[in-house]
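Q: here's a sequence, model it:
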Amino acid sequence: MQAQNRPARPVRQSQDDFAALYRRLRQHAVGGARGALDTIGPERVITAAGEVRLGLTVTMAAAIETEPGPDNPHPAGHTPTGPPEDEEHAHGLHFATDRFGMNVHGDADSHLDALCHVVYDGTLHGGVPATTVTPAGATALAVETARDGIVGRGVLLDIPRLRGIPWLEPGDHVTADDLLAAEAAQDVRVGEGDLLFVRVGHRRRRTERGAWDAAHHRAGLHPTAVEFLAERRVAVLGGDGNNDTAPSPTDGVDFPVHVLAIHALGIHLLDYLQFEDLAPICARQGRWSFLCVIAPLRLPRATGSPVNPIAVL
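A: Now for the predicted structure:
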């Protein structure tokens, strides 16, 4: 494929332009406590099951990391807690056990953002008061909203493949035109209730170049690309980065895609996935849609969850 090297674009977005976009998108929001997940009904799950051709399951999660790094100063803690040394070789029954703790919303580990994750102008999605997020946890729109899992048709749009490059450099943007062009190049169309995954190549760059300060420098969607999500009525957005570009292209708003997708549209986000296992298979098969199963942990009142999305091809 011919390379399409481009500078970071488009131009910055003013606060007024962002506010106007936010107001437009709110008009597209799906009603209901589950937000955009309500676009996935039983009939869509049945249709998504028809995507299975190979009977092959592929993870879209990165391995959880327990060592600190430039993008992960507070890594997950994993401590084997048993059996005691004096029991390891004793006769009879013994158990190996573990203790695990995680900063869910970091910049390295794969996770799902619940609808209570984004507080904007004193409210959560749908105008729910921000006071529902308390020191004891969220009493509304928590990850428990997705307790029955998220199952539907997944679609992967590979933007580096479209441009003929291995990855997008930090600071570059994915536009709505990129998403449309990727659909055309991959002969796939994103539809209502789909789980949309957008590859920017973050994981491949991290593997080949090493970790960097992704909190301040990363590729992602331009805020205007969220109009594509609204028009197609997608249920979920997942990326191999944070979904937001850094530095932010929007004046006065650090995570505009999070605000527009989660707060305005009620779309659950999945951050820091990895598509390096899945994308080559999709390319070889010439098929970029699949059955997708996402099972967040049942963490009542939590703002998010570690997650391991599975593509079934």
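
Q: strands along the stretch 101-250 of the chain, start to end?
A: Here the stretch 101-250 of the chain has its strands, by DSSP state E, counting those that start in this stretch, at 111-113, 133-134, 137-138, 150-158, 173-174, 195-199, 220-221, 236-239.

Q: just these: most buried one?
A: Ranked by mean neighbour count, the strands of the stretch 101-250 of the chain are led by strand 220-221 with a mean of 30 (mean count of other CB atoms under 10 Å). Glycine gets a C-beta too; all of them are placed from N, C-alpha and C.

Q: now do the contacts for Gly154.
A: Listed by CB atoms under 8 Å, 6 or more residues apart in numbering, the contact partners of Gly154 are 48, 194-197, 289-292, 309, 311.

Q: Gln142 touches Thr303, doesn't it?
A: Actually, residue 142 is Ala rather than Gln. Yes: here Ala142 reaches Thr303: they are 6.9 Å apart, a contact under CB atoms under 8 Å.

Q: follow-up on the earlier one: ok, and the most crowded of the contacts of Gly154?
A: Using other CB atoms under 10 Å as the neighbour test, the contacts of Gly154 are led by Leu195, with 30 neighbours.

Q: from what I see, it and Arg232 are in contact.
A: No: with contact defined as CB under 8 Å, Leu195 does not reach Arg232; the gap is 11.6 Å.

Q: before we move on, the earlier item: looking at the contacts of Gly154, which are in helices?
A: Members of the contacts of Gly154 lying in helices (criterion: DSSP state H): Ala48.

Q: shared neighbours, Ala142 and Thr303?
A: 114, 116.

Q: if we can go back for a sec, output the contacts of Gly154 as CSV; include the columns pLDDT and distance to Ala130.
A: Output for the contacts of Gly154, formatted as CSV (pLDDT from 0 to 100; distance: CB to CB, whole Å):
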residue, pLDDT, distance to Ala130
Ala48, 98, 34
Asp194, 98, 30
Leu195, 98, 28
Leu196, 98, 28
Phe197, 99, 29
Ser289, 98, 37
Phe290, 98, 37
Leu291, 98, 36
Cys292, 98, 31
Pro309, 98, 29
Ala311, 98, 35
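
Q: from the contacts of Gly154, which is closest to Arg209?
A: Phe197 (22.2 Å; CB to CB).

Q: surely the closest one and Ile159 touch.
A: No: with contacts defined as CB under 8 Å, Phe197 does not count as touching Ile159, sitting 11.0 Å away.

Q: ok, the nearest residue to Gly193 once chain neighbours are set aside - contacts?
A: Of all residues not flanking Gly193 in the chain, Thr39 sits nearest, at 4.1 Å (CB to CB, 6 or more residues apart in numbering). With contact taken as CB under 8 Å, 6+ apart, Thr39 is in contact with 30, 192-193, 233-235.

Q: 7 Å instead?
A: With contacts defined as CB atoms under 7 Å, 6 or more residues apart in numbering, Thr39 is in contact with 30, 192-193, 233, 235.

Q: same thing with Pro166?
A: Contacts here follow CB under 7 Å, 6+ apart; on that basis Pro166 touches 160, 201, 204.

Q: so how far is Ala62 from the last one?
A: Arg204 sits 12 Å away from Ala62, going by CB to CB, to the nearest Å.

Q: any idea of the mean pLDDT for stretch 106-119?
A: For stretch 106-119, the mean per-residue pLDDT is 97.

Q: what is Arg99 paired to in the beta sheet?
A: Thr79 (DSSP bridges).

Q: thought Arg204 was touching Trp167?
A: Yes: using CB atoms under 7 Å, Arg204 is in contact with Trp167, at 5.3 Å.

Q: between the two, which has more neighbouring residues?
A: Trp167 (23 against 18).

Q: hmm, that one is touching Arg206, no?
A: No: counting by CB under 7 Å, Trp167 stays clear of Arg206, with 9.0 Å between them.
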